[in-house]
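In: Sequence first, then the predicted structure:
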Amino acid sequence: MSGDAKIPAEAAALAAEAVRHLWWLRDAGVREVPLAAAPRPAGAAVVAVAKAAPPPPALSENGCGSEELLAIRAGLGDCTRCKLHGGRTRLVFGVGNPSAELMFVGEGPGADEDLQGEPFVGRAGQLLTKMIEAMGFARSEVYIANVVKCRPPGNRDPEPDEIAACEPFLKAQIAAIRPRVVVALGRFAVQTLLRDATPIGKQRGRWRAYEGVRLMPTFHPAYLLRNPAEKKPAWEDLQLVMKEFGKTAPGRES
Ligand code: SF4
């Protein structure tokens, strides 16, 4: 490579790194950064983070609504701990109430989540929202996260090394939020969190424990979209959770 060609390549790499850093700052809720680290005179120019990316969501919407969650998100940074980082558009940290008593954990981001940076926003996410509301909660009252924070290519299951790299951050989120109940959504999340390869059909509806928190395994909303007949047993699982919160069923989710 000639010297002339190398300079633009290095500049492009630096620019890409700068953009990645701005995305990370935006995800952490930072609205603007100074142009230089040195003290700047009053009125000096700042770089608006929003110019490098769409307007950032509120911190609470971005899953970092407490000091502890913000510190965990900062610890993740522009994470490259596993190979999933290479295919992501956005790291999907979590969403919801940082003091939630009820938390939902899925497998990993899909295509819609990868684009929007928020878990459960596609069709399955819409069904999850209906399920949450049928339980007598608002989506904003609960916290939603995944076992891995970056989208596996082709929506394949996350691999053991990817889980090993990412699960500590889920555990840290649970420790920060301290929910009364975690609902594990789907075969993969249930089997991974519980280290139990028993089929989901036999694990669902039975109280378990994860990180000292009561855990209810149930079907994934995406599975329920493909298998509507399984909504009835899933609803029975959610009613067990509702009972834990002293809530009565207003009716079945649709
Ligand atoms: S999946 Fe988790 S560990 Fe892997 S790159 Fe993404 S945030 Fe990092």
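Out: Now that the structure is in, tell me what you want to look at. Residues are numbered from 1 along each chain as shown.
In: Surely Glu118 touches Gly96?
Out: No. With contacts counted by Cβ atoms under 8 Å, Glu118 stays clear of Gly96, the gap being 9.7 Å. C-betas here are computed from N, CA, C, even on glycine.
In: So between these two, which is more surrounded?
Out: Higher neighbour count among Glu118 and Gly96: Gly96, with 26 against 22, using other Cβ atoms under 10 Å.
In: give the contact list for the more buried one.
Out: When the contact criterion is Cβ atoms under 8 Å, 6 or more residues apart in numbering, the partners of Gly96 are 60, 63, 103, 139-144.
In: Was I right to think Glu236 contacts Gly205?
Out: Yes. Taking Cβ under 8 Å as the definition, Glu236 is a contact partner of Gly205 at 6.2 Å.
In: Okay, and Pro233 sits in which element?
Out: In this structure, Pro233 is located in helix 231-244 according to DSSP states H and E.
In: just to revisit the earlier point, tell me the one of the contacts of Gly96 nearest the ligand?
Out: Nearest to the ligand among these: Gly63, at 12.6 Å, using Cβ to the nearest ligand atom.
In: close enough to count as contact, Asp114 and Leu91?
Out: No. Taking contact to mean Cβ under 8 Å, the distance of 9.2 Å between Asp114 and Leu91 leaves them out of contact.
In: Which residues are in contact with each of these two?
Out: Counting by Cβ under 8 Å, 6+ apart, the common neighbours of Asp114 and Leu91 are Cys150.
In: Helices along the stretch 101-250 of the chain, start to end?
Out: Listed in chain order, the helices found in the stretch 101-250 of the chain under DSSP state H, counting those that start in this stretch are 111-116, 123-134, 160-177, 186-194, 200-203, 221-226, 231-244.
In: Quick check: which of these is nearest to Gly87?
Out: With Cβ to Cβ as the measure, helix 111-116 is the member of the helices of the stretch 101-250 of the chain nearest Gly87 (8.4 Å).
In: Give me every residue in the stretch 51-200 of the chain lying close to the ligand.
Out: Contact residues (Cβ under 6 Å from any ligand atom) of the stretch 51-200 of the chain with the ligand: 76, 79-82, 84-85, 91, 148-150, 162, 165-166.
In: ok, back up a step: kindly provide the whole-number mean pLDDT of the helix holding Pro233.
Out: Looking at helix 231-244 alone, the average pLDDT works out to 98.
In: can you list the domain ranges for this protein.
Out: Using automatic domain parsing, the domains assigned to the chain come out as 1-56, 57-244.
In: Among these, show me which one is buried the most.
Out: The highest mean neighbour count among the domains of the chain, using mean count of other Cβ atoms under 10 Å, belongs to domain 57-244: a mean of 19.
In: so how far is it off the chain centroid?
Out: Average the C-alpha atoms of domain 57-244, do the same for its chain, and the two points are 6 Å apart (Cα atoms, centre = their mean, to the nearest Å).
In: picking up where we left off before, indicate which one of the helices of the stretch 101-250 of the chain is closest to Val213.
Out: Using Cβ to Cβ as the criterion, the shortest distance between Val213 and the helices of the stretch 101-250 of the chain is 6.2 Å, found for helix 160-177.
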